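>>> A structural model of the following input is requested.
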Amino acid sequence: MTAGPDMPYAAIGPPATVRLVSCLGVELDLEMLPHFLRHYAEIGIAPEAMHFSLHAETAQSPRLAEAERILAEFGAAEPARWIDTYTSDAMWEERRRLQRAVAAPGDWIVNSDIDEHYLFPAPLAEVIAHCDKVGANCVQGVQIDRFAPEGALAAVAPEPALAEQFPVSGEASFHVFRAGKHYGISGTTKLMLHRAEVLPRRGGHNPEGLTANSRQAESDGPRFLLGRPLHTLPRLADPAFRFAFPFQSLHFKWTASRLPTVARRVETPGSSPAEAENGEKVQAYLTEHGRMPLDKVVLRGAKAPDTAGWRDTMRDFREKTAPAEAAPAESAPDPAPLLLSCIGVDGPCDGDLPLLRHWLDHYAKLGIPAARVHVILNAEIAGSPNLARARATLAAAGCAAPELWIGPYTSGEMWRRRRALQRLVAGPQDWIVNADADEFHDYPAPLAEVIALCTERGARHVQGPFVDRVAGDGTLRAVAPDTPLQEQFPRAVEAGLSIGKRPGVDDATGTVKLMLHRADILPSLGGHAAEGAPPETGLYGLPLMRFPRIKSPGWRASLPFRVHHFKWTAGLKARLEARRAAPGASPAGSLYGGRIIEGLARGDGRLPLDAIAPAPERDAAQDWRPRIDELARLGETLRPARARAGRLRAARGSLAAHTAQGWRVRQLTFGSGAGRFHAHSYYDIPVLTRDARRVAAHRMGFEGRWMTPDDPVEIGLVDVERGGFAPIGTSRAWSWQQGPMAQWLPDDRHLVWNDRQRDGATPAPEGDAFVARLHDTGTGTTRTLPRPVYALTPSGTGALSLNMARLDHARPGYGYTGGRGAKIGSNACADDGVWYMDLAEGGAPPRLVLSLARAAEFLAERLPEPERAAHRAGRHAYWFNHAKVSPDGRRFTVKLRWRGAGFEGGWTGLQGVSLTCGLDGEDLALVARGTSHVMWHDAERLYFWHQAENAFVTMRDAVPEAEDREEPFPDLITGNVHIRHIPDAPHLAVYDTPYAEEIDVILLDQKSGDTTRLARFGGHAPPKGAFRCDLHPVPSPDGGRIIVTSLSDGGRQLYVLEKAAA
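Residues are numbered from 1 along each chain as shown. Below you'll find the model as predicted:
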């Protein structure tokens, strides 16, 4: 594919004028503009033919002027201004007005949102010439979502190109959020190119001039290159189809501005029903996960689609377009499901071939038409006589032509082919019955009724347990062609459970089957579950194998859906032995097969029926709907606990396997299963006493959502020797990343934490005041300090304080919500900033050491033009974070960050500098730009991760700018870690590997450069976002103990990693 940052081509001037028409919301999307301009210039649109309407809610917005400056410097046409409240309807009316104003008859229009980069399969001149040749006046494409690594909602940086910042391609907009009452598959298409007489509908997905049902154009309406609206193609929901489509819109919407954009539009009066419905889904999902989890997204491989034959592809679609009166209604898919399978025709006793006729008859009785039966036939050689017999059987039944697979059987290859067949033949609205040749499904009602119930309840897949059907005497009989299988194998037993599984072991997966599912669900390897589907998407709200009683024959018999398993036939032993010996056989499958073979050996080749539990018959009179209601309620109740149990098993296994010799890990706090979570505040403050015996911690009653001013945490002490949590107070001033900043004074007796103070029972309109509580553990008394504490001096006599209300407004997750005095009306306050507070009772009042105004002016002096001018022109708002006092107590470091004036727009790590300053406010100095996790190593040197250079750096504090830059361990520390040196052994340091689901704790010997992984903590999902849990390792002075907070048991809890002799 040509065009754009992925595959640039030389610009070719089209014979007709091509104009770019767009609307830019300057407050949230300004950072996108330079990338947008460069992209469309690269695909051949002249800058003077780029037309914009700039949206702002006030004409005085500094970002409006900035956008106009960028456009003028690029040479774009003079933009229009749209000053009003944003609504989707108003924006599209503005876009249409702009198009009418700038386009002449004969012009072609590229109508693109600011976060969309269109890719065409050929230069625009060629595409337009082809449209003219075939009489088309509009071209649609599919939207392909682009993500940052690990799905992070990253801010847009000036460099590199967006394709490098967001390198992952996938499909999330429909795959994750699905269709709804108002939002459907058409929302994932885009009107990319059209003649000037064609106008875009609201949303820009389709042109105006469609019929009432949006299935086709009016007689005098738009003429599609495809021959029909793109959303009417049955395969559009198939990601493989989308990734191969010749016309694509790369959608860079999953950025740091996504949540604020969605929130603003959902809350704006006049939002369309579709915009509100989809916006609420996106808002809830991103708030929960803090990112786009890529394991939930269908990802595109690295290979780009082959678009050399794009003209033929479009011609084929036009020729296959049905007449208008025959166009199928998208809301009325074929009511009968598809039946998919793979039939092995060779092997012992002719493989699956003896079962094929019985199998076809069974599913015909369930109401599946033969034409909707799609089968893969596997034979060892192309000339296999059984292959011809199988094809003849399928043809005689009227089935679809089978796919042929010639070669040795492996389970992995078979399921790969099954999934590919599903993608090929299934439309987005289809339901699928997925059944092996020896699996005969048993439903409590006609399939249409079952599907209707699933649709009504939003379920996308149904599972059922196996019921083994065996001969009356347990012999493995050959399948007879003319006698019903129920008569040949009359006994219903739990052979797989009794022989192949073990009591008390969580190994029931192989005893259940994915029976019925939507086309957007793929079966897992083995076909037992829905691949990657969230638990709540199943009819029971939880996968069957996760129900505690799934191995109880009586409970299994109560389930409304079952699969009669006719695998206990002649040749079973040989088939199992062959599959165990095949390359790629799974360990679980091999173990299960080996147990079956051992069981058959104990019965001299037959099933030992006296050792096998019978399978009770399902009660035919049972009302199946109430039973499903009961199971769904149980699934909803069990879901959190089972999810936690799964994470706990995995995390414990990882921890046990990766703890260094001579070290051990102990869990200190508990309660995740009961919703009682514990954490320490941050890694760079003294949460551990100097004797390493007590931890200052806090307890929360919930996870995974934003706190409110009325959500308290308990402050308490954790005894490192015995564990447990002893409450000593409460706080309503805390954040997910830094807690209430609970920390010890140097005497190991007093500790301090932050809180909010109210004059009455309810918060004041302007918010609460933030204070600190100083607690004496010896007497149990607590007194209140006038400001919150951020960092203590080494002597413990004073503390630095920041504006936590402003910090929360600027960077949620670090400050405290619902506080007064954020001063958001001022971009750089002269009366607020870094404060020094005397902790002595009756001490001097807090004094301002470094104001934001002074820091901002100091910053501007050291920035190059034109950045300096932008800062001095008031185009940015500033705040402080991350203050730390030097070990000698003379100086401190603090992070100064900024974003757009009024705290609008996103920001990146490069929009921040670290400063140092004396506690007396003198000798202000710059450390570096783009710093993260800055620590004092001693009274002179600091170390940090340099985001601008992607390097771990140390520098010597100096006025006016730090000096003696060094880059130790460039091959060891390659990411932005939380690192602390060991006070009693400064050549040693401890760091973690954050922002991953498995996080290591590493011990570094700075003299030798040697590293030792001390432990690995798993279960850290989500690994990024506002609700992530960082380990924040805090070492004791001698390094013998390290405190971390981990999600390894399914919730935030404290652990100690210690030398075995500690």
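
>>> And what about residue 110, helix, strand or coil?
Recorded secondary structure, residue 110: strand (DSSP: H, G, I helix; E, B strand; the rest coil).

>>> name the element the residue lying closest to it once chain neighbours are set aside belongs to?
Nearest residue to residue 110, sequence neighbours excluded (CB to CB, 6 or more residues apart in numbering): residue 20, at 4.9 Å. Backbone N, C-alpha and C define where each C-beta goes, glycine included. For residue 20, the element it lies in under DSSP states H and E is strand 18-25.

>>> which strands and helices sit next to that strand?
Helices and strands touching strand 18-25, by 3 or more CB pairs under 8 Å, 6 or more residues apart in numbering; DSSP states H and E, are helix 33-42, strand 50-56, helix 88-102, strand 108-111.

>>> can you do 10 Å?
helix 33-42, strand 50-56, helix 62-74, strand 80-83, helix 88-102, strand 108-111, helix 124-134, helix 258-267 (3 or more CB pairs under 10 Å, 6 or more residues apart in numbering; DSSP states H and E).

>>> The third one versus strand 18-25: what angle between them?
Which is helix 62-74. Orientation of helix 62-74 against strand 18-25 (axes from the mean of the first three to the mean of the last three CA atoms, to 10 degrees) gives an angle of 160 degrees.

>>> Same question for the fifth one.
Between the direction of helix 88-102 and that of strand 18-25, the angle (the same axes, to 10 degrees) works out to 150 degrees.

>>> any idea of the mean pLDDT for helix 88-102?
Helix 88-102 carries an average pLDDT of 91.

>>> before we move on, the earlier item: select, out of the helices and strands packed on strand 18-25, the one closest to residue 691.
For residue 691, the closest of these is helix 258-267, at 44.0 Å, according to CB to CB.

>>> what sits against the nearest residue to residue 1052 once chain neighbours are set aside?
Spatial nearest neighbour of residue 1052, excluding adjacent residues (CB to CB, 6+ apart): residue 677 at 4.2 Å. Residue 677 makes contact with 669, 671, 698-703, 713, 1029, 1045, 1047, 1050-1054, according to CB atoms under 10 Å, 6 or more residues apart in numbering.

>>> how far away is the nearest residue to residue 210 once chain neighbours are set aside from residue 232?
Nearest non-adjacent residue to residue 210, counting by CB to CB, 6+ apart: residue 217, 5.9 Å away. Taking CB to CB, to the nearest Å as the criterion, residue 217 is separated from residue 232 by 11 Å.

>>> Residues in contact with both of those two, list them for me.
Common neighbours of residue 217 and residue 232 (CB under 10 Å, 6+ apart) are residue 224.

>>> thinking again about what came up before, thought the residue nearest to residue 110 was touching residue 49?
Yes. Counting by CB atoms under 10 Å, residue 49 is a contact partner of residue 20 at 6.4 Å.

>>> Flag the helix or strand of the chain with the lowest per-element mean pLDDT.
helix 258-267 (a mean of 63; mean pLDDT, DSSP states H and E).

>>> re earlier: what's the distance between the residue nearest to residue 110 and residue 356?
With CB to CB as the criterion, residue 20 and residue 356 are 58 Å apart.

>>> Residue 571 now?
Plainly put, residue 571 is 15 Å away from residue 356 if you go by CB to CB.

>>> Next, the residue lying closest to residue 196 once chain neighbours are set aside: phi, psi?
Closest residue to residue 196 apart from its sequence neighbours, by CB to CB, 6+ apart: residue 103 at 3.9 Å. Phi and psi for residue 103, reported as degrees, to the nearest 10, are phi -90, psi 140.

>>> In contact with residue 103, which residues?
Neighbouring residues of residue 103 by CB under 10 Å, 6+ apart: 17, 19, 21, 49, 51, 109, 195-197.

>>> could you pull out the strands for the stretch 801-950 of the chain?
833-838, 847-851, 876-885, 891-900, 912-918, 925-929, 931-936, 941-946 (DSSP state E, counting those that start in this stretch).

>>> Averaged pLDDT, the third one. What do you get?
Looking back up the chat, that one is strand 876-885. For strand 876-885, mean pLDDT rounds to 96.

>>> Partner strands of that strand and their direction?
Here strand 876-885 is paired, per DSSP bridges, with strand 891-900 (antiparallel).

>>> Compute the inter-axis angle for the partner strand and strand 941-946.
20 degrees.

>>> Just the buried subset of the contacts of residue 103, please.
Buried subset of these (neighbour count, 16 or more other CB atoms under 10 Å): 17, 19, 21, 49, 51, 109, 195-196.
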